[in-house]
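Student: Mind folding the following:
(one chain, ligands or ions: 1)
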Amino acid sequence: MSSSIQIPSNEQWAELEMAARLAARQAYAPYSHFTVGAAILDNKGKIHIGCNVENASYGLTNCAERTALFSARANHGLQEVLAVCIYTPTAKPTSPCGACRQVLNEFGPSMRVRAICDGQETIDTTLDVLLPGAFGPKNLADAQQG
Ligand code: THU
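Tutor: Prediction:
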């Protein structure tokens, strides 16, 4: 049964927000000094966290959202993401970058996306709004069928 239409409860959102805030403290951002924390909720109700991990080569930096997703798959066999919360210690919330949108799409094309910050403003949307016309697993499956 697909659970991609499940919506997190208020309690789950509160947990996601707290987890994202805590995750940002682990960020390794000596170059940009822009720390990011992400927390994802999977279809089993488990929360996984990630932070951005920068690199001296700059281009090999990994964003918080992708760290959370890759780590969840490697450590817990993640299958589906229902929601992601992104925290930055900024005055305005931060929307996920294009690369992260694409990677998140693989495990939850219609997941809920919330971005929070130290100000009152939040972003509350869904991944299919942020990444319309996404390329995903179905494109490859369709091609294989001829
Ligand atoms: N960053 C994230 O972790 N997530 C995003 O969605 C946007 C950007 C990080 C990457 C880099 O370490 C820093 O923010 C500045 O771009």
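Student: C-alpha from now on. contacts and neighbour counts both.
Tutor: Noted.
Student: residues in contact with the residue nearest to the spatial centre of the chain?
Tutor: Centroid-nearest residue in the chain: Glu65, 3.8 Å away (criterion: C-alpha atoms, centre = their mean). For Glu65, the contact set (C-alpha atoms under 8 Å, 6 or more residues apart in numbering) comprises Gly37, Ala38, Ala39, Gly50, Cys51, Asn52, Val84, Ile86, Pro96, Cys100, Leu104.
Student: So the fourth one, which state does it fall into?
Tutor: Spelled out, it's Gly50. With DSSP: H, G, I helix; E, B strand; the rest coil as the basis, the three-state label of Gly50 is strand.
Student: Apart from its neighbours in sequence, what residue is nearest it?
Tutor: Ala68 (3.8 Å; C-alpha to C-alpha, 6 or more residues apart in numbering).
Student: count of neighbours near the one you found?
Tutor: By other C-alpha atoms under 10 Å, the residues close to Ala68 number 24.
Student: Pull the number of nearby residues for Leu60.
Tutor: 10.
Student: Can you give me the separation between Glu11 and Lys46?
Tutor: To Lys46, Glu11 is 13 Å away according to C-alpha to C-alpha, to the nearest Å.
Student: so where is this protein shaky, pLDDT-wise?
Tutor: 1-5, 146 (pLDDT under 70).
Student: which bits of it sit near the ligand?
Tutor: Counting by C-alpha under 6 Å from any ligand atom, the chain comes close to the ligand at Ala29, Ser32, Phe34, Val36, Asn52, Glu54, Thr61, Cys63, Ala64, Ser95, Pro96, Cys97.
Student: Go again with 5 Å.
Tutor: Within the chain, the positions adjacent to the ligand are Val36, Asn52, Cys63, Ala64, Pro96, Cys97 by C-alpha under 5 Å from any ligand atom.
Student: between Glu11 and Lys46, which one's more packed in?
Tutor: Lys46 (14 against 9).
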